[in-house]
Every structure is written in structure tokens, then in C-alpha cells.
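Chemist: Quick one, structure for this:
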Amino acid sequence: MRDKTKVLALDLDDTLLRSDKSIGAATLAALDRWLAAGHEIVVATGRPPRSVAPVLPPSLLDAPRIVYNGAQALVNEQIVFDRPIPAQDVRRILEWTEMSGDVWYIGLEINDMLYVNRHFEKPGVFQVSDLMMLCEEPVYKMIFFFPEGRRDIEPLLAVVPPTTRALVTPKFSLVQLCARDANKFTALKHLLARRSLAPASVIAIGDDINDVEMVRCSDIGVAVANALPEVKAVADWIAPSADEDGVAYVIDRLLD
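Modeler: Now for the predicted structure:
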């Protein structure tokens, strides 16, 4: 066990990335100091794999990645951990939407591609498909989009099976579904085991509902100042906001 090695688990949006999706100069310099001190970094995000590399600085391009809110982990672009939604859950939810009488905009993340049931204006690449034909594929995230603003979602949440969980955040007008046992900390523990590192070596920083388990269960859990109350409630430290280089503050405090 390499007791002196520390692992910094970093959420991306509104944590490492500022609100304009940039990374401040102070944070970039701090990341370099952290790595030069012999420590490691894991990127942990709700994003799909395809949208991670374009926002990373060169120093993190080879870092292990947790994607899809913890439903998948990659090392050197190879999948080393995955927890797709049970196929029967995907089918059951799709069948319910067809019987509900409402118009739903639904996406399935499968093998780093987003398939949607109908066309609507949204950024990024996607493919319109018959989602019922894709139920048996490994679905890492099921997304309900609300182009005109999120409406009452309680009927939807009521039919989510116990083996699947819903992630609902005020930061986005959507609902994400993942496997019940898919979260960032579970994926992180798998990556740590591969490196013979213990959870006690982890400092995690996050801001949104999908960071709660990672912040709560790490040795030091940090919420940036712009984090949701649910994240702040389980954090050991509150750092400055992402726009104020909160990650740099944490690294400087740890190294000093």
C-alpha cells in the first residue's frame, strides 16, 4: 500500500470547470503541482466519454475517468468498470411512457452514443431511433429531456423500478436515470483497488447531486461554494466557487 499517495477525485462542470467551461490559470498551476508531488487525479463526471477530453487540460488527458455519473470507469480509454441500467427496467419505463398519453423526449446513452426517440433542438451529436429496439443494449444513462421546462415528474419517478435510481437537480431541466448501484464513489473504489490504494487516500470535490456519495464517503469531501445544499451537507470542507478557483484552494491547502 502506498500510504503517501493521495488521489484527488474531481467533478468537472461547476467544480473544475468554471461557469464558462474554462479552467482558471491558478487551478491549472495547482493541478501541475499536485501531480509533480507524486499524487494522482481521477476525473469523475456525469458526462459521456466523448465529451470529457475536449474540456480537459493536457495534464489530465491520461487521467482515469469516471463517466455517466459513475456507471462506467475508463483507464487509457478502456472500460474497466460498468454498471448499466437493467434491460428490463429500460423496457418497463419506455412502455410506461407510451401508455402515459404524454409526449416524452427520451435519450439512451449506449456505447458512447446518444439515441433519442424524437428530434428536438439540443447541442451535441445524437441519433433518432426506435428506443424499444435498443433495450437489450447496455444503457448507461437514460435521460428525460424537457425542451420547454421541466413539468411534474412525480408520475415518472413513481414508476422507476428499485434497481434504477433517478438523479434530479435544479441545475438542469432534465431527469437522469442510472442503475441503482451506479455512483461515482463505487466506481472510484474500483479504480483505487486496481492501483492498490485505499479510500482513505481520496480527497473528492464536487457540486451537484451526483457528487453526494463521493463527497460523503471520501477521506476528505469538499463542496465548492456554488454546490447544492445536499453536497455541502455531507462535505468536510467548503471551498471557494469554481469561478474563484476552488480546486486550486483545496490543492494549496493539502500541499501546505
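
Chemist: which non-adjacent residue is nearest residue 96?
Modeler: residue 159 (4.8 Å; C-beta to C-beta, 6 or more residues apart in numbering). From N, CA and C alone the C-beta is placed, and that goes for glycine too.

Chemist: got it, and residue 234?
Modeler: Closest to residue 234 by C-beta to C-beta, 6+ apart is residue 216, at 3.8 Å.

Chemist: and that neighbour, how many neighbours?
Modeler: Look at residue 216: counted by other C-beta atoms under 10 Å, it has 17 neighbours.

Chemist: Residue 140 versus that one, what's the distance?
Modeler: Remark: distance between residue 216 and residue 140 (C-beta to C-beta, to the nearest Å) = 23 Å.

Chemist: Any stretches of the stretch 151-256 of the chain with poor pLDDT?
Modeler: In the prediction, the stretch 151-256 of the chain carries no residues with pLDDT under 70.

Chemist: For it, just list every one of the helices.
Modeler: 154-158, 184-194, 212-217, 229-232, 246-255 (DSSP state H, counting those that start in this stretch).

Chemist: In space, not sequence, find me the middle residue of the chain.
Modeler: Most central in the chain under C-alpha atoms, centre = their mean is residue 46, positioned 2.3 Å from the mean C-alpha point.

Chemist: Might you report the residue contacts of the closest residue to that residue other than its chain neighbours?
Modeler: Sequence neighbours aside, residue 69 is the residue nearest to residue 46 in space, at 4.5 Å (criterion: C-beta to C-beta, 6+ apart). Counting by C-beta atoms under 8 Å, 6 or more residues apart in numbering, residue 69 touches 46, 141, 167, 176, 178, 182-184, 210.

Chemist: cutoff 10 Å now
Modeler: Residues in contact with residue 69, defined by C-beta atoms under 10 Å, 6 or more residues apart in numbering, are 44-47, 83, 140-141, 165, 167, 176-179, 182-184, 187, 208-211, 213.
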